[in-house]
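>>> Sequence first, predicted model second:
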Amino acid sequence: MEINSHRKFLLSEEKVKKALVLLAVPSIIAMLTTAIYNFVDTLFVSMLRNTAMIAAVTVSFPLVMIMSAIGQGIGIGAGSLISRQLGRKDYQSVERSVFTGMLMAITFSALGMFLLIGNLVTILPWFGATPDALDFSVRYAMWMIVGMSGIILNMTMNNILRSEGDVRFPMFAIMLGAILNIALDPIFMFDWGLNLGLEGAAIATIVSQYVSTIVLIIRITGKDSVIRWKVNRWLFDFKIAYEIFALGIALFFRQALVSFSLMFINSAAARYGTNLVAAIGLVMRTMMIINYVLIGYAQGFQPFAGYNYGAKNFVRLKESIDLSIRWSTIFLASMSALLVLSARPLMMVFTDNLEVIYYGMRMIYAICLALPFMGFYQIHMVLFQSLGKAKEAFILSVARQGIFFLPMIWILPMFFTYNGILAAQPAADLLTVLLTAGFSLRLKKEFEF
């Protein structure tokens, strides 16, 4: 079966500007929905009036990020491969890639549950679980691990479906799960409902995740699409699995390093007091919304780039790259200006602590020095994945939060005290942009852009 004619037209013939907008907007909406859901979920837990419970959710969040990273890694790896196969009209390989990607998602889900579920008491203190919050953390994380397969499968299927240019159904599935989660949270948590407290929040999350999973499975096993998971036929391919893994490992490490970098920056900030830690947390939450818009756009750009690369339509590919870099730079520069001008009132929305406001403003100023250039990095990061260039994608993935950030968070505070902590991320970002520029020049020579 060939790719849906509307999606084929969107990827191969529609005006590049319009195609990128139609592909990106649903992904951006889906990512923003996730950001809002995360905020509301934390808000409901805070209504339980127990600081240790809030800490338990915070401590468990890096584990959830790692689960998402596994699903994103497999999904992006498979999606990149499938986009190029669709461009070449190699539909038999598409079937094998879908089956192989789904089997990998199921296997990693089972392996993750086996390794984590009996070791949470040992693992969670590494992520900051204090003795008074450890019991809550274990109880909350236990349920999240039970829902691990739902999280990983959802991320995998969303990205596989996007490879065909189908961005609306993944958006619908994500929004359905998020809205259901928001509705179920109070019912499961509070005494007028099931009165399950903190565990009710976790159970509401996994129920919502599995509802999304069922909806996505119905879509991906349907007969009206070239992207089809044929569960009754063994189509696993070791070569395809290796390519999915080689491409996906880059994104996995990037996501995992984000979790670890949060641990390191909080640990460094703790030496200067709770107010600095609080300020960093508030700024990071604010920046997450901007980052999610950028990631949502990149998810829409990925299938377009992969398809046209596979179809050898390099003129169309170059136009999409140029537009994406221009649009993302304008967006981030505008957001930087807005953040700088509104830094104080923004921090005052969250707190009236003058020291927290002071630290938060300084961190916003520091981050905005590098923020306008991060679209250039993000677009190239996704581009190298789309082109199947696993080495470049991997290096860029680990460079920002690993190669550059870890030395910065260790060295800069030695010379500039707390200012070094605030400057560590933008310093790493600028170095990453310079590295990306080097890879970009090589790419232009290769394709004669």
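Great, that's in hand.
>>> Would you confirm that Asn158 contacts Ile174?
Yes. Between Asn158 and Ile174 there is a contact at 6.9 Å, judged by C-beta atoms under 8 Å. From N, CA and C alone the C-beta is placed, and that goes for glycine too.
>>> what is in contact with these two at once?
The overlap between the contact sets of Asn158 and Ile174 (C-beta atoms under 8 Å, 6 or more residues apart in numbering) consists of Ala30.
>>> Listing request: residues of the stretch 151-300 of the chain with sub-threshold pLDDT.
Within the stretch 151-300 of the chain, the stretches with pLDDT under 70 are 165, 167, 224-225, 250, 263, 266-267, 270, 273-274, 277-278, 281.
>>> can you do 90?
Residues of the stretch 151-300 of the chain meeting the criterion pLDDT under 90: 151-186, 188-210, 212-213, 216-300.
>>> Break down it into its helices, ranges please.
Ranges of helices in the stretch 151-300 of the chain, per DSSP state H, counting those that start in this stretch, are 168-189, 197-220, 238-270, 274-310.
>>> Between the ones you listed, which one is closest to Gly101.
helix 238-270 (5.8 Å; C-beta to C-beta).
>>> tell me what that closest one is packed against?
helix 51-87, helix 91-116, helix 274-310, helix 374-386, helix 390-398, helix 405-447 (3 or more C-beta pairs under 8 Å, 6 or more residues apart in numbering; DSSP states H and E).
>>> which ones are touching the residue of the chain most remote from its centre?
In terms of distance from the mean C-alpha position of the chain, Trp192 ranks first, at 34.8 Å (C-alpha atoms, centre = their mean). Applying C-beta under 8 Å, 6+ apart to Trp192 gives no contacts.
>>> do you know how far it is from Ile179?
When distance is defined by C-beta to C-beta, to the nearest Å, Trp192 is 21 Å away from Ile179.
>>> Ok, Tyr377 next?
Distance from Tyr377 to Ile179, by C-beta to C-beta: 32 Å.
>>> the more surrounded of the two?
It is Tyr377, of Tyr377 and Ile179, that has more neighbours when counted by other C-beta atoms under 10 Å, with 25 against 14.
>>> quick one: the more buried one and Leu431 touch, right?
No. Counting by C-beta under 8 Å, Tyr377 sits too far from Leu431 to count as a contact (10.6 Å).
>>> any idea which element Trp327 lies in?
Using DSSP states H and E, the element containing Trp327 is helix 314-341.
>>> and that helix, what does it pack onto?
helix 16-46, helix 274-310, helix 354-370, helix 374-386, helix 405-447.
>>> if we can go back for a sec, among the helices of the stretch 151-300 of the chain, which comes closest to Leu422?
Going by C-beta to C-beta, the one of the helices of the stretch 151-300 of the chain nearest Leu422 is helix 274-310, 7.9 Å.
>>> Could you list the buried residues of that closest one?
By 16 or more other C-beta atoms under 10 Å, the buried positions in helix 274-310 come out as 275-284, 286-288, 290-310.
>>> How far off centre is stretch 76-89?
20 Å (C-alpha atoms, centre = their mean, to the nearest Å).
>>> Ok, stretch 71-86 next?
Centroid separation for stretch 71-86 versus its chain: 15 Å, with C-alpha atoms, centre = their mean.
>>> so for it, what's the average pLDDT?
For stretch 71-86, the mean per-residue pLDDT is 82.
>>> send the alpha carbons of stretch 405-421 over as CSV?
Output of stretch 405-421 as CSV, limited to C-alpha atoms (Å, rounded to 0.1, in the frame of the first residue of the first chain):
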residue,chain,number,x,y,z
PHE,A,405,27.9,21.4,30.4
LEU,A,406,29.5,19.1,32.9
PRO,A,407,32.9,20.8,32.8
MET,A,408,31.2,24.2,32.9
ILE,A,409,29.2,23.4,36.0
TRP,A,410,32.4,22.1,37.7
ILE,A,411,34.9,24.8,36.6
LEU,A,412,32.9,28.1,36.5
PRO,A,413,31.7,28.1,40.1
MET,A,414,35.3,27.8,41.2
PHE,A,415,36.0,31.2,39.7
PHE,A,416,32.7,33.0,39.7
THR,A,417,30.8,31.4,42.7
TYR,A,418,27.0,31.3,42.1
ASN,A,419,27.3,33.3,39.0
GLY,A,420,29.3,30.4,37.5
ILE,A,421,26.4,28.1,38.1
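>>> buried stuff in it?
Applying 16+ other C-beta under 10 Å to stretch 405-421 flags 405-406, 408-409, 412-413, 418, 420-421 as buried.
>>> biggest separation within those, which pair?
Leu406 and Tyr418 (18.0 Å).
>>> can you redo the helices and strands packed on helix 314-341 as a markdown table with distance to Met67?
What follows is those, written out as a markdown table (distance: least, C-beta to C-beta, whole Å):
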| stretch | distance to Met67 |
| --- | --- |
| helix 16-46 | 14 |
| helix 274-310 | 17 |
| helix 354-370 | 27 |
| helix 374-386 | 20 |
| helix 405-447 | 22 |
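>>> Which stretch among these approaches Asp90 most closely?
Closest of those to Asp90 is helix 274-310, at 8.4 Å (criterion: C-beta to C-beta).
>>> relative to helix 314-341, how tilted is the closest one?
170 degrees (axes from the mean of the first three to the mean of the last three C-alpha atoms, to 10 degrees).
>>> Give me the distance between helix 274-310 and the centre of its chain.
With C-alpha atoms, centre = their mean, you get 7 Å for helix 274-310.
>>> How about stretch 18-37?
Using C-alpha atoms, centre = their mean, the offset of stretch 18-37 from its chain centre is 13 Å.
>>> what's next to that stretch, contact-wise?
10-11, 14, 158, 162, 165, 167-168, 170-171, 174-175, 178-179, 181-182, 288-289, 292-293, 295-297, 299-301, 303-304, 320, 323-324.
>>> Swap in 6 Å and give it another go.
Contact with stretch 18-37 is made by 10, 167-168, 171, 174-175, 178, 181, 289, 292-293, 295-297, 299-300, 304, as judged by C-beta atoms under 6 Å, 6 or more residues apart in numbering.
>>> elements contacting the strand or helix carrying Ile145?
For Ile145, the host element (DSSP H and E) is helix 131-146. For helix 131-146, the contact count by 3 or more C-beta pairs under 6 Å, 6 or more residues apart in numbering; DSSP states H and E identifies helix 51-87, helix 197-220 as packing neighbours.
>>> what do you get if the cut-off is 8 Å, keeping everything else the same?
Using 3+ C-beta pairs under 8 Å, 6+ apart, helix 131-146 is in contact with helix 51-87, helix 91-116, helix 120-123, helix 197-220.
>>> Now do the contacts for the closest residue to Val382 other than its chain neighbours.
Closest residue to Val382 apart from its sequence neighbours, by C-beta to C-beta, 6 or more residues apart in numbering: Ala298 at 4.4 Å. Neighbouring residues of Ala298 by C-beta under 8 Å, 6+ apart: 378-379, 381-382.
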